[in-house]
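S.K.: give me the fold of what follows.
(one chain, ligands or ions: 1)
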Amino acid sequence: MPSLFDPLQLGAVTAPNRILMAPLTRGRATREHVPTAIMAEYYAQRASAGLIISEATGISREGLGWPYAPGLWSDEQTEAWKPVTRAVHDAGGRIFAQLWHMGRVVHPDYLDGDAPVSSSATTAPGAAHTYDGKKPYAEARPLDVAEIPRLLDDYARATRNALAAGFDGVQLHAANGYLIDQFLRDGANHRTDAYGGSPENRIRLLVEVVERIASIAGADRTAVRFSPNGDTQGVIDSDPESVFVPAARALDEIGVAFLELREPGPEGTFGSTTQPKVSPVIREVFARPLVLNQDFRAADAQAALDSGLADAVAFGRTFLANPDLPERFRRGAPLNRDEMATWYSRGPEGYIDYPALEDEAEAA
Ligand SMILES: Cc1cc2nc3c(=O)[nH]c(=O)nc-3n(C[C@H](O)[C@H](O)[C@H](O)COP(=O)(O)O)c2cc1C
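M.R.: Alright, predicted model coming up:
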C-alpha cells in the first residue's frame with residue numbers, strides 16, 4: 001500500500017508525496033486581478049506539497065467576480081505570476097494554475113452592469129462578494145451556442161498564459177457551482193440544445209474545454225476538479241452518478257493528469273448532502289490518479305490510500321494554516337488552526353505568518 005510520503009506520477013509531473021495543496025482563493029491580488037509579491041512568498045512557503053493547486057484564477061473578465069482574485073487573461077497578469085511560479089520552483093515545488101469561470105455567480109458590478117452568463121437563465125441563491133460588500137446575485141443570461149468558440153478561446157488563452165507564466169500545468173475548475181458545473185448538473189442546466197438534457201449533452205462543454213486545454217498544455221499537464229455531490233452555490237444534480245461517471249470516463253479517455261474530487265462535507269457545511277458519494281464509482285471507471293478532498297487529516301488520508309479509494313489527498317484549510325504540512329504529518333506534530341477572519345482579508349496577516357515547525361522551535 002502506498003504511504004502519503006511515497007511519490008506519485010501525476011501525468012508529466014512527479015509529486016514527491018501524496019499530500020497536495022487544494023485550491024484556495026485568498027484575495028491577495030490587486031483590484032485589476034494582478035498577482036502580488038506576497039503571493040510568491042505564500043506559495044513558496046507551501047512548496048513541500050506533492051503539488052500545489054493554485055487559488056482559482058479568472059480566465060477572462062467575464063468569468064471573474066471575486067474581489068482581488070487573480071486572473072490569467074492579460075500580459076500584466078501573466079508577467080506577475082512569473083515570480084510566483086519561480087519562487088515555488090526555487091523552493092523545490094510544483095504548481096498548477098486552477099482555471100476559473102464563475103458563470104452566474106459573477107455579479108453585474110464586475111461586468112459594467114451586464115448579466116453574467118450560465119447554461120440557463122437562473123439566479124444563484126445568496127449574495128455575491130463585490131467591492132461594495134455583499135449584493136444579491138442577478139439572473140444569468142444563457143450562453144448562446146455561437147459564443148462557445150469564444151469561451152473555448154478564453155480557456156485557451158489562459159492556458160497559454162499559465163504555461164508562459166511557468167505553471168507546471170493547469171486544473172480546470174469544474175466544481176463548486178461555477179460555470180462548468182452549471183452545465184454539468186441538471187439543477188442549473190435547463191437547456192434543450194446539444195449542451196443540455198441528457199448527461200451526454202451536459203458533459204459536452206466540459207469535454208470541449210478539456211480537449212482545448214489539453215491541445216495546448218498536453219493532457220498530461222491538464223487536471224480537472226469536480227464536486228459531484230451536494231448543493232454547491234445552488235447547483236445540484238438529481239442523479240450525480242448518471243452524469244459524473246460518463247464525465248470521468250471521458251476524462252480518462254482524454255488522458256488527463258489527474259482528477260480531484262471534492263467530497264461532501266459533514267451535515268450543515270458547504271456541499272453537504274445525503275446523496276451517496278460518487279467517488280467510489282468514479283474510481284472504477286477512471287484509471288488515472290484520483291485525488292480526494294474535504295475534511296481529511298493524516299490518518300483518514302492514509303486510510304483512503306490503504307483502501308484503494310484514492311491515490312493522493314488534497315488539503316485545503318490545513319495547508320492554509322500549516323505551510324509545512326507534510327513535515328508535520330511525518331512527525332505527527334500538532335497543527336495550527338486556520339483563521340476564517342483572514343481567509344480573504346487583504347495583506348500579509350493570516351496569509352504568510354502561519355508558523356512552520358522550525359519557526360516555532362526558534363520562538364520557544
Ligand atoms: C478560504 C477558502 C478558499 C477556497 N477557494 C477555492 C478555490 O479557489 N477553488 C476551489 O476549487 N476550491 C476552493 N475552496 C475549497 C477548498 O479547495 C477545499 O475543497 C475545502 O476547503 C475543503 O477541504 P479541506 O477540508 O481540506 O479544507 C476554498 C476553501 C476555502 C476554505
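S.K.: list, one by one, the residues from the stretch 51-200 of the chain near the ligand.
M.R.: 55-56, 98, 173, 175-176 (Cβ under 6 Å from any ligand atom). Bear in mind the C-beta positions are built from the backbone N, C-alpha and C, glycine included.
S.K.: in ChimeraX, select just the buried ones from the residues you listed.
M.R.: Remark: buried members of these, expressed as a ChimeraX selection using 16 or more other Cβ atoms under 10 Å:
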select :55,56,98,173,175,176
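S.K.: most widely separated two among the residues of the stretch 51-200 of the chain next to the ligand?
M.R.: The largest separation in these, counting by Cβ to Cβ, is between Glu55 and Ala175 at 13.6 Å.
S.K.: for the residues of the stretch 51-200 of the chain next to the ligand, give me CSV that also has pLDDT and secondary structure.
M.R.: Shown next, in CSV, are these (pLDDT from 0 to 100; DSSP: H, G, I helix; E, B strand; the rest coil):
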residue, pLDDT, secondary structure
Glu55, 99, strand
Ala56, 98, strand
Gln98, 99, strand
His173, 98, strand
Ala175, 97, coil
Asn176, 96, coil
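S.K.: relative to Thr342, which of the residues of the stretch 51-200 of the chain next to the ligand is nearest.
M.R.: Using Cβ to Cβ, these come closest to Thr342 at Glu55, 14.4 Å.
S.K.: if I read this right, the closest one contacts Ala22, doesn't it?
M.R.: No - judged on Cβ atoms under 8 Å, Glu55 makes no contact with Ala22 at a distance of 9.9 Å.
S.K.: what's the neighbour count on whatever residue of the stretch 251-364 of the chain ends up closest to the ligand?
M.R.: Residue of the stretch 251-364 of the chain nearest the ligand, by Cβ to the nearest ligand atom: Gly316 (2.8 Å). By other Cβ atoms under 10 Å, 18 other residues sit near Gly316.
S.K.: ok, Met340 next?
M.R.: Neighbours around Met340, by other Cβ under 10 Å: 9.
S.K.: check the one 3 residues further on too.
M.R.: Trp343 is surrounded by 15 other residues when neighbours are defined as other Cβ under 10 Å.
S.K.: how about the nearest residue to it, chain neighbours excluded?
M.R.: In space, and not counting its chain neighbours, Trp343 is closest to Arg26: 7.0 Å by Cβ to Cβ, 6 or more residues apart in numbering.
S.K.: so which residues of the stretch 1-150 of the chain form helices?
M.R.: 37-45, 75-90, 148-164 (DSSP state H, counting those that start in this stretch).
S.K.: so how far is the last one from its chain's centroid?
M.R.: Taking Cα atoms, centre = their mean, to the nearest Å, one finds helix 148-164 lying 16 Å from the centre of the chain it belongs to.
S.K.: sorry, back to before: Val13 is nearest to which of the helices of the stretch 1-150 of the chain?
M.R.: helix 75-90 (11.9 Å).
S.K.: which element is the residue nearest to Pro2 when sequence neighbours are not counted on?
M.R.: Closest residue to Pro2 apart from its sequence neighbours, by Cβ to Cβ, 6+ apart: Leu305 at 5.5 Å. Following DSSP states H and E, one finds Leu305 within helix 298-306.
S.K.: can you give me the mean pLDDT across that helix?
M.R.: For helix 298-306, mean pLDDT rounds to 97.
S.K.: swap in stretch 346-354?
M.R.: Mean predicted confidence for stretch 346-354 is 97.
S.K.: measure that stretch end to end?
M.R.: Terminal residues of stretch 346-354 are spaced 15 Å apart (Cα to Cα, to the nearest Å).
S.K.: equivalent analysis for stretch 350-359, please.
M.R.: Termini of stretch 350-359 sit 15 Å apart (Cα to Cα).
S.K.: can you list the residues that contact it?
M.R.: 26, 28, 38, 41-42, 45, 320-324, 327-328, 331, 333, 336, 339, 341-343, 345, 363 (Cβ atoms under 8 Å, 6 or more residues apart in numbering).
S.K.: among these, which are in helices?
M.R.: 38, 41-42, 45, 320-321, 327-328, 331, 363 (DSSP state H).
S.K.: among those, which ones are buried?
M.R.: 38, 41-42, 45, 320-321, 328.
S.K.: I'd like these as JSON lines, with pLDDT appended.
M.R.: Putting these into JSON lines (pLDDT from 0 to 100) gives the following:
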{"residue": "Ile38", "pLDDT": "98"}
{"residue": "Glu41", "pLDDT": "98"}
{"residue": "Tyr42", "pLDDT": "98"}
{"residue": "Gln45", "pLDDT": "98"}
{"residue": "Leu320", "pLDDT": "98"}
{"residue": "Ala321", "pLDDT": "98"}
{"residue": "Arg328", "pLDDT": "98"}
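S.K.: in JSON lines: those residues, plus distance to Pro7.
M.R.: Shown next, in JSON lines, are those (distance: Cβ to Cβ, whole Å):
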{"residue": "Ile38", "distance to Pro7": "30"}
{"residue": "Glu41", "distance to Pro7": "26"}
{"residue": "Tyr42", "distance to Pro7": "25"}
{"residue": "Gln45", "distance to Pro7": "22"}
{"residue": "Leu320", "distance to Pro7": "24"}
{"residue": "Ala321", "distance to Pro7": "25"}
{"residue": "Arg328", "distance to Pro7": "19"}
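S.K.: so which pair among the residues you listed is furthest apart in space?
M.R.: Largest pairwise distance in those, by Cβ to Cβ, is 22.4 Å, between Ile38 and Arg328.
S.K.: count the residues that sit near the closest residue to Gly50 other than its chain neighbours.
M.R.: Excluding the flanking residues, the one nearest Gly50 by Cβ to Cβ, 6+ apart is Ala15, at 3.3 Å. Using other Cβ under 10 Å, Ala15 has 22 other residues around it.
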